[in-house]
Structure formats: structure tokens, C-alpha cells
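Chemist: Pasting a predicted model and its sequence here:
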Amino acid sequence: MAKREIITIPDPLLREVSAPVERVDDDVRRLMDDMLEAMYEAPGIGLAAVQVAVPRRIVVVDTAREEEERNPLFLVNPEIVSLSDEMRPHEEGCLSIPEFYAEVERPAACTVQFLDRDGKPREMDCTDILSTVIQHEVDHLNGVLFIDYLSRLKRDRVIKKFVKAKKAEAPA
Ligand code: GNR
Ligand code: NI
């Protein structure tokens, strides 16, 4: 089992704004390795630190297909510096909202600046699923979930389901 558990809604931590990382040191690298392990085990293609209950601006991503070689990306303090005008719908899911999927429309391309695993500033142009995942992860760092883009009716329905499930699991 992975060392870190992924938290789910309605955990209030998921609504917090994560704090910037001051220095990419070994503690941060260890956390990123733990996040990657939890993400691969889930399995998922992206994970924000807040999803393992650490509200800091750290993201791991790997959009490689199962038959492809692993291609982990580590992003510290990621900042989206441009978004395309062109929008594209994509079916999204979230490890913090298990087994719920819905189509979300987001800018088809984006550019993200971040610090890599070595603390080196980098810039990356993202399209397709990578653009979607990067935007989804940066949203997590700001306390935003993909269900926030749905109608209030749909969003409230999903949240209610998870509140109920948690109550059934641990009766008050
Ligand atoms: O594993 C994930 N798949 C996914 C699919 C479409 C859009 C976004 C994602 S991210 C998600 C993992 C997750 O919850 N990251 O925060
Ligand atoms: Ni998510």
C-alpha cells in the first residue's frame, strides 16, 4: 500500500489554497516520490499534494499510456501563464471524487511555469490531455474542483452522495 492516503470530498482541506514551496529540498522530493507512488497505485494521471493532505503547491503528473514507458513530471509552484482561446471538452475524473466523471470544457492549450525536481525554473507548453490535467491540478492548489464547473444541481448532488457515504461509514 502507498504511504500516503488520498483524501476525498467533502474533506475541507480540498477547499484550501495551498502554500507556495520556498525551497525544493529533499523533503519536497520525498513527498513528490510518495505522491507519485500513490498516483500510480490509484491509478491516476495527476495528483496535487493537497490530495494527500499536504496543502503545498506541488503537483505530479504522468499521462503516459499503460503500454508506454513511465514519464513522471514534477511541478513545484506551477503557474499558468497563458491559456488558449480555443476550448475543448474532456471527460474528467478526480481521485478525490472517486467514480464520478463528467465533461468539462477548458482551454485546449496552456503554458505553465514551474520549478522542477531540482528547483530549476522551467516552462512547458501543454495540449490535449496534458493541458486538461495541468489545469485540473493547478485548480486543486487553489481549492477548486472540477465539479465546480458543473451546474449547481449536479455539483450538490455529487457532494451530497459523498457526505452520505461518509456518514454511513462512520456514524455520529
Ligand atoms: O487521474 C485523473 N484523471 C484525469 C482525467 C481527466 C482530467 C483530469 C484528470 S486528473 C485525475 C487525477 C486527479 O484527481 N488529479 O487531481
Ligand atoms: Ni483531482
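Modeler: Right, received. Where do you want to start? Ligands and ions are numbered 1, 2, ... in the order given.

Chemist: Spatially, what comes nearest to whichever residue of the chain sits closest to ligand 1 if we skip its sequence neighbours?
Modeler: Nearest to ligand 1 in the chain, going by CB to the nearest ligand atom, is Gly44, at a distance of 3.0 Å. (Each C-beta comes from the backbone N, C-alpha and C, glycine too.) Spatial nearest neighbour of Gly44, excluding adjacent residues (CB to CB, 6 or more residues apart in numbering): Leu95 at 4.8 Å.

Chemist: Next SSE downstream of the helix or strand harbouring Thr111?
Modeler: Following DSSP states H and E, one finds Thr111 within strand 109-115. Next along the chain after strand 109-115, taking DSSP H and E as the criterion, comes strand 121-127.

Chemist: Tell me where this protein is predicted with low confidence.
Modeler: The chain contains residues with pLDDT under 70 at 172.

Chemist: Nearest residue to the middle of it?
Modeler: Closest residue to the average C-alpha location of the chain: Glu137 at 3.3 Å, with CA atoms, centre = their mean.

Chemist: helix, strand or coil for that one?
Modeler: Taking DSSP: H, G, I helix; E, B strand; the rest coil as the rule, one finds Glu137 in the helix state.

Chemist: can you pull the contacts of the closest residue to it other than its chain neighbours?
Modeler: Distance criterion CB to CB, 6+ apart; nearest residue to Glu137, sequence neighbours excluded, is Val59 at 4.3 Å. By CB atoms under 8 Å, 6 or more residues apart in numbering, the residues touching Val59 are 46-49, 74-76, 78, 114, 134, 137-138, 140-141.

Chemist: Am I right that Val59 sits in a strand?
Modeler: Yes: judged by three-state DSSP, Val59 forms part of a strand.

Chemist: ok so, going back, which ones, among the contacts of Val59, also lie beside ligand 1?
Modeler: 46-48, 137, 140 (CB under 6 Å from any ligand atom).

Chemist: among the residues you listed, which are in helices?
Modeler: Using DSSP state H to define helices, the subset of these located there is 137, 140.

Chemist: do you know how far Arg53 is from Pro12?
Modeler: No, residue 53 isn't Arg; it's Ala. 11 Å (CB to CB, to the nearest Å).

Chemist: follow-up on the earlier one: run the chain-centre distance for the strand holding Thr111.
Modeler: Its chain's C-alpha centre and that of strand 109-115 lie 14 Å apart, by CA atoms, centre = their mean, to the nearest Å.

Chemist: Report the backbone C-alpha coordinates of it in CSV.
Modeler: C-alpha atoms of strand 109-115 as CSV (Å, rounded to 0.1, in the frame of the first residue of the first chain):
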residue,chain,number,x,y,z
ALA,A,109,-3.8,24.6,-24.6
CYS,A,110,-1.9,26.3,-21.8
THR,A,111,1.7,27.3,-20.9
VAL,A,112,2.8,26.6,-17.3
GLN,A,113,5.9,27.8,-15.5
PHE,A,114,7.2,25.9,-12.5
LEU,A,115,10.2,24.7,-10.6
